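Student: Fold the following, please.
(one chain, ligands or ions: 1)
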Amino acid sequence: MAYAAYIATALLVWTACRIVYLRHLHPLAHVPGPFWASVTELYRFYHDWIQNGTYYRHFEAYQARYGPVIRIAPNEVLLTDPCHYDTLYSMTTDFYKDPAFYHLSGAETAVFAITHNKDHQRHRALLNPFFSRRSVLQQEGMVRSKVLRLLNRIQQDSQRGLTTELWAGFRAISVDVITEYAFGADRCWDFLGREDFGVWYNHLARAVVPTMYLFRVVPWLRRPMQAMPVWLARRLNPMVVGMLEFMDVTRRDVERVVGDVEHDRKPERETIFHGLLDPEATKAQGLVGVPTVQNMVDEAFGFLGAASETAGNAMTMCAFHVLYDREIYKRLRAELVQAFPDPTTQMDLLALEKLPYLTAVIKEGLRLSYGVIHPLPRVAPKAVEFNGYVLPEGTVVSMSAWLMHRHPDAFPDPDRFDPDRWLDAGRAFYLEKFLVPFSKGNRNCIGQPLAMCEVYLAIALLFRRFDDLEAIDVGPEDLVYEDYFGAFYPKDARKFKVMRRER
Ligand code: HEM
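Tutor: So this is what the prediction gives:
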């Protein structure tokens, strides 16, 4: 009994000393922020785990109360002044991704999670050619074919008196595109061919991704959980079964490519695995050693995770708001019909990108879907000063698209979907500085050209084909996000469905 009392007292004293240290003596003690955020990681955990990814929703209030430099966790500072974006996220920045955060996924060798800038640069150079604009333009026909499948499905559903779950259909486009584009023509997951558009993947991602918040406060839990035997994982979460099956398929694909490379067999179109395994390219980048099969499976799933919700959210946000505001629908259709009077004409990306109203709709969609809603944490390589606050080397500094895309100087009435914001060229040039859905610099989104191709084709083809679509039983209040690094809809939100109006 006495021992228990000693231990409890020791713990109390230790906690009190730690709180005093973190609040008053820590090198970030001078940075303003909520009291509990500065003394414990549990504060952020509470908002992100218990309150379902909602920490980000407090940032505007913090900004009003504490100013442009806010301590949002014991060792993390959020910057809200847009002028710092190019310092943190530029081609030449020395700031690097925070390993304590980016290694939580367990896929430390995947391009997304490599934290050291030099290592990342070499690795990314192997992948860049696959995702260049040129490469995307060569695959435009493939992307178009996926979009057309979704449009045919809407047509058929409406003829049968059914609604189409467009939010899931858009995600199916992005999953089918990335699996075919990156892993090979015969490797498409074909979610568009499924009655439910393969929503299990969205449900699984939504269930799995938040565990990173748990690992952030209980880091020792990560390795045992990620090394969990398959039979146990199946028991704990039956949704994992689908993922494990796809992992097996991906593993076999990777092994096949390894065989191709070893025997010098050239495929019709190379996949990202060919790029990663190309001995000459890896040597040219000064990389030693060949990635393992597991490294490449991790890479594949990194791409899948990065591609699906992000592009799905952007397409959903655009399409929902076009249908929600009949004036926007009318103006967008008028532009598309004028540019492509014959509905059977092929609508090419290069032509679509020149349409001002379509482009404005897409920019608003990207603005309000936020890309990655979580602040992107970077480590300060040396002591730095922001708005008069000196932060020591090793401080984690982050900025958030949520605040950039709602900045009052640029976007008054930020929740309003207003394509007109972008129609004046001079004003649009100014606004571009605040629009960062793909982030910027050395760690910007490698998939940006592919994603833009998907969004342009999906929105343009959808609204050129249908002049009578309606959103069914859904409102703007349903298109809010929970922050699980990527942005997910709340579980109880109504989903975006459409149907053609009866004539
Ligand atoms: C509208 C759609 C998309 C948005 C808004 C988006 C947004 C972003 C953002 C903000 C980042 C930076 C993340 C960070 O710093 O932690 C990122 C990185 C990344 N994205 Fe995307 N993304 C989209 C689509 C895609 C697609 C289609 C792919 C597939 C090719 C992709 C692959 C990646 C990869 C691999 C990275 C890591 C890049 C690196 O660290 O070098 N994304 N994306």
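
Student: Just the buried positions in the one helix or strand residue 36 maps to, please.
Tutor: When elements are assigned from DSSP states H and E, residue 36 belongs to helix 35-39. For helix 35-39, the buried set under the neighbour-count rule, 16 or more other C-beta atoms under 10 Å, comprises 37-39. Every C-beta, even on glycine, is put in place using the N, C-alpha and C of the backbone.

Student: can you tell me how far the residue of the chain most remote from its centre sits from residue 8?
Tutor: In the chain, the greatest distance from the average C-alpha position (C-alpha atoms, centre = their mean) is reached by residue 2, at 52.4 Å. With distances taken as C-beta to C-beta, to the nearest Å, residue 2 is found 11 Å from residue 8.

Student: Spell out the secondary structure type for the residue of the stretch 101-250 of the chain at minimum distance from the ligand.
Tutor: The ligand sits closest to residue 112 of the stretch 101-250 of the chain, with a gap of 3.9 Å, by C-beta to the nearest ligand atom. In three-state terms, and counting by DSSP: H, G, I helix; E, B strand; the rest coil, residue 112 is coil.

Student: ditto for residue 390
Tutor: Here residue 390 takes the strand state, with states given by three-state DSSP.

Student: What's the local residue count around the nearest residue to it once chain neighbours are set aside?
Tutor: Leaving aside its sequence neighbours, residue 390 sits nearest to residue 383 (C-beta to C-beta, 6 or more residues apart in numbering; 6.1 Å). By the criterion of other C-beta atoms under 10 Å, residue 383 has 12 neighbours.

Student: Can you give me the buried ones in stretch 11-31?
Tutor: Neighbour count says stretch 11-31 has 22-23, 26, 28, 31 buried, by 16+ other C-beta under 10 Å.

Student: Other residues contacting it?
Tutor: The set of residues that contact stretch 11-31 without belonging to it, under C-beta atoms under 8 Å, 6 or more residues apart in numbering, is 35, 38-40, 69-71, 74-75, 77, 389, 391-392, 395.

Student: what helix or strand is residue 314 on?
Tutor: Residue-wise, residue 314 maps onto helix 293-324 under DSSP H and E.

Student: Next, the buried residues of that helix.
Tutor: Within helix 293-324, the residues that qualify as buried by neighbour count (16+ other C-beta under 10 Å) are 293, 295-323.

Student: So which of the residues you listed reach the ligand?
Tutor: 302-303, 306-307, 310-311, 314 (C-beta under 6 Å from any ligand atom).

Student: Using a markdown table, please lay out those residues together with pLDDT.
Tutor: What follows is these, written out as a markdown table (pLDDT from 0 to 100):
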| residue | pLDDT |
| --- | --- |
| 302 | 90 |
| 303 | 91 |
| 306 | 93 |
| 307 | 93 |
| 310 | 97 |
| 311 | 97 |
| 314 | 98 |
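
Student: Now tabulate those residues in JSON lines and tack on distance to residue 354.
Tutor: Putting those into JSON lines (distance: C-beta to C-beta, whole Å) gives the following:
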{"residue": "302", "distance to residue 354": "33"}
{"residue": "303", "distance to residue 354": "29"}
{"residue": "306", "distance to residue 354": "28"}
{"residue": "307", "distance to residue 354": "26"}
{"residue": "310", "distance to residue 354": "25"}
{"residue": "311", "distance to residue 354": "22"}
{"residue": "314", "distance to residue 354": "20"}
